[in-house]
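In: Just a sequence and a predicted model for now, questions to come.
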Amino acid sequence: MLKRIPLALFVFVGLTITTALAQTKKKIETPERVINIDFDRQKGPLNTMFRECVGAGRANEGLRADWQQQLAYVKKECGFKYIRMHGLLTDDMAVYKEGKNGEPEYNFMYVDVLFDFLHSIGMKPFVELGFMPSALASGPQTIFWWRGNVTPPKDYEKWGALIKNLTQHFTERYGAEEVKTWYFEVWNEPNLSPGFWTGTQEEYFKLYRYAAQGIKSVNKEYRVGGPGTAGAAWEPEMIDYCKKNNVPIDFISTHAYGVKQGYLDEFGNSGTVLDKNPMSVSGDVLQSRKEIAGSSMPGLELHYTEWSASYTPADPIHDSYHEAAYVLQKLKQVGNAANSMSYWVFTDIFEEAGPRFTPFHGGFGMLNTQGINKPVFYAYQFMNRLGNVELVNTDSCSWVCKDATGNIQALLWDFTNTHPGDSMHNQVYYIRDLPSKSKGKLKVNMAKVPDGLYALEVYKVGYRSNDAYTTYLSMGRPAQLSRQQVEQIKKQNDGSPISKEIITVKNGISFSKELELRENDVYFLNLIRL
């Protein structure tokens, strides 16, 4: 026989469940993120330091047809002005040897092929002077699969003469007015000893002095700098040395990466962990600017000639959709502190550890070896599409701009560091399929947009959206890709807009767009006046 349950108990239980559900819903709701923009409120010209320079592996790779094709494409889509690479003076570029009596012999034919190509696509070299030609080296120590010699010169006078002769050659071939627009950087990461430099800091400063004097002896207006260190090191020491010894210097250069522990791990064997510090990389840049401002040479330019999320070309974060949002976050945080931030590098045609055996291996590149666009490529493409006038915007994870024709562009993102922390390496975490979680709604309001008809294009990068690596995962991570598979990945991640619509703005009514935002999503809104 069923017992009767009092009605009051039903009501109590019902109210309790309803209240509990309401509280649970309230806990998981994410507040709407709103970006309010006034078309008439201009911040000023957009700072385009993000496209000043990009990196490449080594000079000899620049003689390859596929490397050149990829660079021409990246230049066209992302607008980079300069390119910096290692190995201009290494033996595979055949720049230096000595005769029977030790007399120097110079040859710049390979360099000419490379620099002529750069000139043909409208790019300039950020000339890194390294590594040591073996005929001029004081020892046999080398780095990387391609054996860049990292020892001091056996004769500093001959080193200075080589740099002077090379600079004279550039002047004769391209003209002094052109070479005045270049940068000359002496060596790469000499503080990583014995990896990149077997000498001392004092010996590096001597190397720099001979190189700088050789360059300036050709033309005092040519720009030279250094120390090109890892981890923002040696900056005050470099300035002090140049000041006390009357050595010319026009800029400070250094590097930063966003992972904890060590440097110089071309094989990725030590394991990396994405730093949880929200100001990693950008904090170094701001500190570098502060050090220069407080020095005896406060007007020096600052160039970060390498930077990325990770310092090893075997880190799957480079392939991940997380990298696109990461790059945008760091560049926004840097603001005006640096004159350039050179992303390391534009392509996976990069052989520090030797030729790689799989199409996605955590390489530094914005494109993989087969020319497939990674998510970070689109971050740079979107930045390059921003108009030249930045609008006032209090949101810390976006840029909103306009151009002379009245078109409006908005680049918006979420950066969420989902890495579990020190318990897991990037090489284990970012290699996985990583679905993103919701971050709620993102609403963009634009007031005082001139009346008229507009085409609105919306582009997106995120999980399974222009996310080539996840497409590759869904194929079973084949060690080799067929031509058809390459085309399939490219087609699924070709950067096409996710939506298009025609918008009518009249009577001064604000334009609004609401978007679904997930972790590490990047959106680019292009409002084109018709």
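Out: In hand now; what should we look at?

In: Residue 256 - that's part of a strand, no?
Out: Yes - under DSSP: H, G, I helix; E, B strand; the rest coil, residue 256 sits within a strand.

In: Look at the closest residue in space to it that isn't next to it in sequence and say how many residues are nearby.
Out: In space, residue 256 comes closest to residue 284 once its chain neighbours are excluded; the distance is 4.2 Å by Cβ to Cβ, 6 or more residues apart in numbering. C-beta here means a position set from N, CA and C on the backbone, and glycine is covered the same way. As a burial measure, residue 284 scores 21 neighbours (other Cβ atoms under 10 Å).

In: hang on, isn't residue 284 packed against residue 232?
Out: Yes - with contact defined as Cβ atoms under 8 Å, residue 284 counts as touching residue 232 (4.4 Å).

In: one step back: report all helices and strands that the helix or strand harbouring the residue nearest to residue 256 contacts.
Out: In this structure, residue 284 sits in helix 282-293 according to DSSP states H and E. Applying 3 or more Cβ pairs under 8 Å, 6 or more residues apart in numbering; DSSP states H and E, one finds that helix 282-293 contacts helix 235-244, strand 251-257, strand 301-308, helix 322-334.

In: want to try a markdown table for the ones you listed, with distance to residue 379, mean pLDDT and mean neighbour count as columns?
Out: Formatted as a markdown table, these follow (distance: least, Cβ to Cβ, whole Å; pLDDT from 0 to 100; neighbours: other Cβ atoms under 10 Å):
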| stretch | distance to residue 379 | mean pLDDT | mean neighbour count |
| --- | --- | --- | --- |
| helix 235-244 | 28 | 97 | 18 |
| strand 251-257 | 17 | 97 | 25 |
| strand 301-308 | 12 | 98 | 24 |
| helix 322-334 | 4 | 98 | 25 |
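
In: Dump these to CSV, plus distance to residue 55.
Out: Shown next, in CSV, are those (distance: least, Cβ to Cβ, whole Å):
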stretch, distance to residue 55
helix 235-244, 20
strand 251-257, 10
strand 301-308, 6
helix 322-334, 13
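
In: bridging residues for the residue nearest in space to the middle of the chain?
Out: For the chain, the residue lying nearest the average C-alpha position, counting by Cα atoms, centre = their mean, turns out to be residue 343 (2.4 Å). For residue 343, the beta-bridge partners under DSSP bridges are residue 54, residue 307.

In: quick one, what contacts it?
Out: 54, 55, 307, 308, 327, 366, 376, 380 (Cβ atoms under 8 Å, 6 or more residues apart in numbering).

In: what does residue 197 give?
Out: 150, 152, 187, 189, 190, 191, 203, 204.

In: what about it, helix or strand, and which?
Out: With DSSP H and E as criterion, residue 197 is part of no helix or strand.

In: Show the model's pLDDT score for it.
Out: Listed pLDDT for residue 197 reads 97.

In: quick one, phi psi at it?
Out: phi -160, psi 120 (degrees, to the nearest 10).

In: Please enumerate the strands of the stretch 51-200 of the chain.
Out: 53-58, 82-86, 96-98, 104-106, 124-129, 142-143, 148-149, 183-186 (DSSP state E, counting those that start in this stretch).

In: Now mean pLDDT, distance to residue 417 and mean neighbour count too, for these, in a markdown table please.
Out: Putting the strands of the stretch 51-200 of the chain into a markdown table (pLDDT from 0 to 100; distance: least, Cβ to Cβ, whole Å; neighbours: other Cβ atoms under 10 Å) gives the following:
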| stretch | mean pLDDT | distance to residue 417 | mean neighbour count |
| --- | --- | --- | --- |
| strand 53-58 | 97 | 24 | 26 |
| strand 82-86 | 98 | 28 | 24 |
| strand 96-98 | 97 | 46 | 17 |
| strand 104-106 | 97 | 49 | 14 |
| strand 124-129 | 98 | 30 | 24 |
| strand 142-143 | 96 | 31 | 20 |
| strand 148-149 | 97 | 34 | 23 |
| strand 183-186 | 98 | 31 | 25 |
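
In: now those in JSON lines, with distance to residue 241?
Out: Output for the strands of the stretch 51-200 of the chain, formatted as JSON lines (distance: least, Cβ to Cβ, whole Å):
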{"stretch": "strand 53-58", "distance to residue 241": "25"}
{"stretch": "strand 82-86", "distance to residue 241": "23"}
{"stretch": "strand 96-98", "distance to residue 241": "26"}
{"stretch": "strand 104-106", "distance to residue 241": "27"}
{"stretch": "strand 124-129", "distance to residue 241": "17"}
{"stretch": "strand 142-143", "distance to residue 241": "25"}
{"stretch": "strand 148-149", "distance to residue 241": "24"}
{"stretch": "strand 183-186", "distance to residue 241": "12"}
